[in-house]
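**Q** Attaching a predicted model along with its sequence, questions to come.
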Amino acid sequence: MNKKIFLVILLSLLISTIFAQSKVSDKSILLNKGKMIKLREKVYSNIALMSLLDFHCSEKIQLKNIKNTSIVNREYIKNQEFINWQEIWSYNSCGVSHTTTVNYFENSFSNNPTTFYTIGRNRLPLGAIMKGSIMSRALTNDMKPLILKELSKYSCNTSRVNNIDKYIASSVSTTTLHWYGLSGAPEYSHPIWNELWVVDACNREYDLLIKVDPKNRKNNFVFIKKVN
């Protein structure tokens, strides 16, 4: 990671630790500087992906500042207690200044603490990182029969779905990022990623966690990992 970017992340950790010490479990990632650095590196890579998707900018983003809101809230999500805090990230993308909100959710009071994050102001389903999809149109069409087949396992026998909301669910494993074509999708040298699709069908919503691994040629390289 670029030294300047690393320093911005490291300095922001000092503020995080100060406001977190008296408000969270001793298992919280907020009290672990090494884990927080690694988490913010993932956030940085996904903001770079968002820059590519939203602004068609394939240049490395220039991180300027991370501002902590100094507020830790508690809430229940799917019957689990989570703490929630926010950061405001400021960065340059292809010479244009941007800011985005990063929300963190952590069930640090459980026996197996897990930390999630979302990018953007809007509330997203747990496990999603940002709204959108990086599947090509052809790949998206290939998903339709797979979705219907998967839904049938849950007594939802239908030939169509009402709506699908698509989200990026993990960082893309890649060595290069660049855009091709006006209606195409980002091109990657080693594309492996997850997406979360919220499917409205049979009078309920299904959360489908989808993994795309083009290098897995022995099996179907697009497959549904989990349904909630």
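**A** Arrived safely, thanks for sending. Numbering: from 1, shown residues only.

**Q** next structured bit after the longest strand belonging to the chain?
**A** Scanning the chain for the strand with the most residues, using DSSP state E, yields strand 80-93. Using DSSP states H and E, the next helix or strand after strand 80-93 towards the C-terminus is strand 96-106.

**Q** tell me the phi and psi of the spatially most central residue of the chain?
**A** Nearest to the mean C-alpha position of the chain, counting by C-alpha atoms, centre = their mean, stands Ile129 at 2.0 Å. With angles defined as degrees, to the nearest 10, Ile129 sits at phi -100, psi -40.

**Q** on that earlier part again, does anything pack onto the longest strand of the chain? Which helices or strands?
**A** helix 3-20, helix 33-55, strand 62-68, strand 73-77, strand 96-106 (3 or more C-beta pairs under 8 Å, 6 or more residues apart in numbering; DSSP states H and E). For every residue, glycine as well, the C-beta is placed using N, CA and C.

**Q** quick one: contacts for the closest residue to Ile147 other than its chain neighbours?
**A** Using C-beta to C-beta, 6 or more residues apart in numbering and skipping residues adjacent in sequence, the residue nearest Ile147 is Val199, 6.2 Å away. Residues in contact with Val199 (C-beta atoms under 8 Å, 6 or more residues apart in numbering) are Ile147, Leu151, Val161, Asn163, Ile164, Glu205, Tyr206, Asp207, Leu208.

**Q** Could you list the paired strands of the longest strand of the chain along with their orientation?
**A** Strand 80-93 has the following strand partners under DSSP bridges: strand 62-68 (antiparallel), strand 73-77 (antiparallel), strand 96-106 (antiparallel).

**Q** rewinding a little: now the helices and strands packed on strand 80-93 in a markdown table, with mean neighbour count and mean pLDDT?
**A** Shown next, in a markdown table, are those (neighbours: other C-beta atoms under 10 Å; pLDDT from 0 to 100):
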| stretch | mean neighbour count | mean pLDDT |
| --- | --- | --- |
| helix 3-20 | 15 | 58 |
| helix 33-55 | 18 | 84 |
| strand 62-68 | 17 | 86 |
| strand 73-77 | 11 | 80 |
| strand 96-106 | 17 | 92 |
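
**Q** Under the pLDDT cut-off, which ranges of the protein? List them.
**A** Filtered on pLDDT under 70, the chain yields the residue ranges 1-24, 69-71, 171-191, 214-223.

**Q** before we move on, the earlier item: in a markdown table, list the helices and strands packed on strand 80-93 along with distance to Asn141.
**A** Formatted as a markdown table, the helices and strands packed on strand 80-93 follow (distance: least, C-beta to C-beta, whole Å):
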| stretch | distance to Asn141 |
| --- | --- |
| helix 3-20 | 38 |
| helix 33-55 | 20 |
| strand 62-68 | 37 |
| strand 73-77 | 33 |
| strand 96-106 | 31 |
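
**Q** Understood, closing this out.
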